[in-house]
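> no sequence on this one, just coordinates:
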């Protein structure tokens, strides 16, 4: 079964410095019909104006992934990490027992466009930790590169949940397929461009929720960048 989640039906908040679209219930957007999909709890598409950002705040017991589409995002936290991530970078912060952090756009000229993703961990109370990696365009071009996976399973970053996150760039005749094991589900989010997912046409901001489907098929794309979540 495939359920479509159109971009136009997402929650939306524009605070001036931040323009954010929420795939799932978040902050002032409360929607009991869209509280998550398996352990996937949040996909926020954020655009932050130059020199602005999220001040220091806290999280607990959540795997938080940041994936930059355009611009730069600066990260600081109270467990000693500081970095600037750019397109192709993936950042994972395990909030665990508790962490305080900030995210800012360090540019004075360009907005930053990124996805903030929350995945509920399989175990609560783990030590807070941070990891960052990079996937080149070549690694994602016409294929689904493993962005995040459980420790030791070959993901660019490790997450504390039995989930796998893939990222891909597709255009024209480029296509890819990833198997979905029995009893598992998949979620596909199109970050930009357009593509067909199991024969269903999706555009930027759209998503497809797949249940009882043996595979995810990506094809007939036009300058598409997308994420595929393989979930319990």
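That came through fine. Bear in mind that the values here come from a model prediction, so they are computed numbers and not experimental data.

> now for this protein, the helix or strand with the poorest mean pLDDT.
Among the secondary structure pieces of the chain, namely its helices and strands, strand 53-59 has the lowest mean (mean pLDDT, DSSP states H and E), a mean of 76.

> listing partners with orientation, what would you give for that strand?
Using DSSP bridges, the neighbouring strands of strand 53-59 in the sheet come out as strand 99-104 (antiparallel).

> for the helix or strand that comes right after the strand it pairs with, which strands pair with it and how are they oriented?
Past strand 99-104, further along toward the C-terminus, the next helix or strand under DSSP states H and E is strand 112-119. Strand 112-119 has the following strand partners under DSSP bridges: strand 40-48 (antiparallel), strand 63-70 (antiparallel).

> helices of this structure, start to end?
In chain order, the chain shows helices spanning 137-140, with DSSP state H as the criterion.

> max-length strand in it?
The residue-count maximum for a strand in the chain (DSSP state E) belongs to strand 215-231.

> how about it: buried residues?
Buried residues in strand 215-231, counted by 16 or more other Cβ atoms under 10 Å: 216-221, 224-231. In short, each C-beta sits where N, CA and C put it, glycine included.

> same thing with stretch 150-165?
By neighbour count on 16+ other Cβ under 10 Å, the buried set for stretch 150-165 is 155, 156, 157, 158, 159, 160, 161, 163, 164, 165.

> got any ranges where this structure has weak pLDDT?
101 (pLDDT under 70).
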